[in-house]
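K.L.:
any chance you can model this:
(chains A and B)
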Amino acid sequence: MSLPTRTFTITRADLVRYAEASGDHNPIHQDDEVARSVGLPGVIAHGMYTMALAARAVGDWFPGAEVVSFGCKFTSPVVVPADGGVEVEVAGEVKGDADGLTTVALTVTSGGQKVLGMPKAVVRA
Amino acid sequence: MPVDQSLVGRTFPPTRPHEVSEQQVRAFVTATGGQYDGGPAPATFPIVLAFDAMNAFLEAEAIDLFRIVHGEQKFAYERPVVPGDVLSATLSVASLRQIGGNDIIGTTSEITDAGGAVVCRTSATLVHRGEQ
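P.N.:
Residues are numbered from 1 along each chain as shown, chains lettered A, B, ... in the order given. Okay, the predicted model is just below:
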């Protein structure tokens, strides 16, 4: 069963707020020059920011459900431009239902490219 | 400089207990564009604790944070985090390998509450980008 795709926008201002809220002040999420110095194309979103968006989608699909496990790889950086923002799409597919647990395989893309590898959540729905 | 291989298997001291406030959960939710109406923290919130432990580990090993890129993150939850929880994270280095001048550091962190019960186990792969 496919779940309704959710679209989110990430801006540089979001990354500043997220750094404050999470304690992750890695400058690759704030400063183009530092990001480029380690071989990145520019400021990238915290992987955990993108993962948090995936979690929001899961929360929308299964309101109030307890998440039992959640994981992903960060396969491609989400580059966030200085002006405007970048869109991230979160799609989901229910893969199984057993013992009260629902397994959801997600597909998280930006600009048509997958940015998370094998994102998967198990919820007690 | 590559990360020291003898780190594998080492467990670092637990982080200082941190009381999760409703304000902090709200800030975390709103930073990711959501709206917080009370109740449990989002599924990725335990990263706040795990990140604290990772920072202490990086400092102890004199590894620059700006050279770290996140490779993978997994959470297994015993229960959701709720405001009022007093939590601490204990990080262990599970694996370490070198690929193409980068160090791939596998870590696990156990997040426990004030009573010592496990709230969440999380594993992270950190990619330490070597100097070009």
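
K.L.:
quick check: the residue lying closest to A:Met51 once chain neighbours are set aside vs A:Arg56, distance?
P.N.:
Beyond its immediate neighbours in the sequence, the residue positioned closest to A:Met51 (Cβ to Cβ, 6 or more residues apart in numbering or on different chains) is B:Thr44, lying 5.3 Å away. From N, CA and C alone the C-beta is placed, and that goes for glycine too. Look at B:Thr44 and A:Arg56: by Cβ to Cβ, to the nearest Å, they are 9 Å apart.

K.L.:
and these two? which has more neighbours close in?
P.N.:
B:Thr44 (26 against 20; other Cβ atoms under 10 Å in any protein chain shown).

K.L.:
any bit of the lengthiest helix in chain B sitting next to chain A?
P.N.:
Taking DSSP state H as the assignment, the helix of chain B that covers the most residues is helix B:47-60. Yes. Helix B:47-60 reaches chain A (Cβ under 8 Å from any Cβ of the partner chain) through B:47-48, B:51-52, B:55.

K.L.:
can you list the residues of chain B near chain A?
P.N.:
Looking at chain A, the residues of chain B close enough under Cβ under 8 Å from any Cβ are B:24, B:27-28, B:30-34, B:40, B:42-44, B:47-48, B:51-52, B:55, B:65-77, B:79-80, B:125, B:129, B:132.

K.L.:
on the three-state scheme, the residue of chain B found nearest chain A is what?
P.N.:
When distances are taken as Cβ to the nearest Cβ, chain B approaches chain A most closely through B:Lys74, which lies 3.3 Å from it. Recorded secondary structure, B:Lys74: strand (DSSP: H, G, I helix; E, B strand; the rest coil).

K.L.:
once you drop chain neighbours, what's closest to it?
P.N.:
The spatially closest residue to B:Lys74, leaving aside those adjacent along the chain, is A:Gly71, at 3.3 Å (Cβ to Cβ, 6+ apart).

K.L.:
in a strand, the one you found, correct?
P.N.:
Yes. When the secondary structure is assigned by three-state DSSP, A:Gly71 falls within a strand.

K.L.:
residue contacts, B:Gln24?
P.N.:
For B:Gln24, the residues meeting the contact criterion (Cβ atoms under 8 Å, 6 or more residues apart in numbering or on different chains) are A:21, B:48, B:83.

K.L.:
which residue ranges form the helices in the chain?
P.N.:
Defaulting to chain A. With DSSP H as the definition, chain A shows helices at residue ranges A:12-22, A:32-37, A:47-61.

K.L.:
try again with chain B
P.N.:
Chain-ordered helices for chain B, with DSSP H as the definition, fall at B:22-31, B:47-60.

K.L.:
buried ones in the first one?
P.N.:
Residues of helix B:22-31 classed as buried under the neighbour-count rule (16 or more other Cβ atoms under 10 Å in any protein chain shown) are B:24-29, B:31.

K.L.:
can I get the helices of chain B in a markdown table with mean pLDDT and distance to A:Phe8?
P.N.:
As requested, the helices of chain B are arranged in a markdown table below (pLDDT from 0 to 100; distance: least, Cβ to Cβ, whole Å):
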| stretch | mean pLDDT | distance to A:Phe8 |
| --- | --- | --- |
| helix B:22-31 | 97 | 12 |
| helix B:47-60 | 95 | 18 |
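
K.L.:
show me the strands in the chain, by range?
P.N.:
All of this is about chain A. Using DSSP state E, the strands assigned to chain A run over residues A:2-10, A:66-74, A:86-98, A:101-110, A:113-114, A:116-124.

K.L.:
my bad, the chain I had in mind was chain B
P.N.:
With strands called from DSSP E, chain B shows them at B:18-19, B:68-77, B:86-99, B:102-112, B:118-128.
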